[in-house]
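In: Have a look; sequence and predicted model below, questions after that.
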Amino acid sequence: MVINKHGSFYLRSGWGTKIINAVNEDDLIFSPSNEQIAIDNIGLGRIMIKALRYWADVVGLTTEVKSQDGIKKVPTELFKLIEKKDPYFQRLGTLLLLHRNMALNIDDATAWYWLFNEWNGISISKEEFADGLHSYLAVNGMKIKKDAVDKEFNCVKNTYIGEKTFDIKTIMDEDTYPFLAPLRVLTVDETKRIVKTHMTSREIPIELLIYSIAKDNETDSASGKQVSIDYLMEEKKQIGKYYNIRYSDLIDMLLEAENKGYIGLNNNFGNRYLEFNGCNYNALLKKYFKG
């Protein structure tokens, strides 16, 4: 578990493209010995470069390995797919996948994981966030000052919520809009509390929904087993948590997925189950981007 590894620099619009371009040009660009080169080539300050290195792994675009030459960034399959199909991160589904990766990353994006998986309320104040996350870290053996947790609240908020509206198609790299603001996963109410938005089929393409479920339950999906819909709704690291879906909306989406042949649905003694039917769930991701 970590706090403030991003140096209080939230993920901003344009940074996804900067990561792709930088890693393609030099996969050792984020090595400490290349710091000045990274500053000159990427066009960000020293601390922002460190933040960019952090965010690249957290959202699932790269993994980091140590080599004799320095710190090497290895592109993930998602990196390669986005590079080909959405290099400017204009599709909401692209942002949705990166949000999922962050919300599941308990080790490196602990505050994001905590908010979407451990905090069961729909809304939260800054004080509740600080107290709750601070207690969660303490229980898990991590001692940290309260003001550091306050900074984490600001970074989480600024990842999703901007001060003004904008058109995703006209954003330029130099803008400082939150990277994930177009999703509206989080909003702010009139009392300045952060509110989790209930997501529906309008925000979650069916292919990405089923892909997410299959990846979250990889052993079961690979062996054609069943998973309880209540489990999908209530368990940590499942779509009911990080996509904040209502039960009725999830049922509607799963019925559509069944009609498309992606899954089966069973009702056993009043309990509903999703049945993995051998569909190539990785192919659903490519189908979404192809469409």
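Out: Noted; the coordinates are in hand.
In: which residues of the stretch 101-250 of the chain fall in strands?
Out: 123-124, 186-188, 194-196, 226-228 (DSSP state E, counting those that start in this stretch).
In: beta partners for the residue nearest to Lys225 when sequence neighbours are not counted?
Out: Leaving aside its chain neighbours, Lys225 sits nearest to Phe276 (6.3 Å; criterion: Cβ to Cβ, 6 or more residues apart in numbering). Quick note: C-beta positions are derived from backbone N, CA and C, even for glycine. Judged by DSSP bridges, the bridge partners of Phe276 are Ile263.
In: Ok, which of the strands of the stretch 101-250 of the chain comes nearest Tyr88?
Out: strand 186-188 (22.8 Å; Cβ to Cβ).
In: Report the buried residues of the closest one.
Out: Leu186 (16 or more other Cβ atoms under 10 Å).
In: What strands flank it, and is each parallel or antiparallel?
Out: Here, using DSSP bridges, strand 186-188 pairs with strand 194-196 (antiparallel).
In: right, so the strands of the stretch 101-250 of the chain: which one is the most enclosed?
Out: Looking across those with neighbours counted as mean count of other Cβ atoms under 10 Å, the highest average goes to strand 194-196: a mean of 19.
In: And the average pLDDT for that one is what?
Out: Strand 194-196 comes out with an average pLDDT of 96.
In: so how far is Gln226 from Asn267?
Out: Relative to Gln226, Asn267 is positioned 11 Å away (Cβ to Cβ, to the nearest Å).
In: And Asp252, by the same measure?
Out: Going from Asp252 to Gln226 by Cβ to Cβ gives 20 Å.
In: One more: Glu77?
Out: Distance, Glu77 to Gln226, by Cβ to Cβ: 27 Å.
In: same thing with Ile239?
Out: Distance, Ile239 to Gln226, using Cβ to Cβ: 16 Å.
In: can you put the strands of the stretch 101-250 of the chain in a markdown table and add distance to Asn21?
Out: Shown next, in a markdown table, are these (distance: least, Cβ to Cβ, whole Å):
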| stretch | distance to Asn21 |
| --- | --- |
| strand 123-124 | 36 |
| strand 186-188 | 28 |
| strand 194-196 | 32 |
| strand 226-228 | 39 |
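In: nearest to Ile206, of those strands?
Out: Nearest to Ile206 among those is strand 226-228; the distance by Cβ to Cβ comes to 17.0 Å.
In: which sections of the stretch 101-250 of the chain are below the confidence cut-off?
Out: For the stretch 101-250 of the chain, applying pLDDT under 70 flags the ranges 163-175.
In: can you do 90?
Out: 141-151, 162-177, 192 (pLDDT under 90).
In: wait, which of the strands of the stretch 101-250 of the chain is closest to Val149?
Out: strand 123-124 (12.7 Å).
In: which residues are contacting that closest one?
Out: For strand 123-124, contacts defined as Cβ atoms under 8 Å, 6 or more residues apart in numbering pick out Leu115, Gly132, Asp189, Arg193, Ile194, Val195, Lys196.
In: Mind telling me the two of these farthest from one another?
Out: Maximum pairwise distance among the contacts of strand 123-124 (Cβ to Cβ): 18.1 Å, between Gly132 and Asp189.
In: higher neighbour count, the two?
Out: A count of neighbours by other Cβ atoms under 10 Å puts Gly132 above the other of Gly132 and Asp189, at 17 against 9.
In: Having no further points to raise, I will conclude here.
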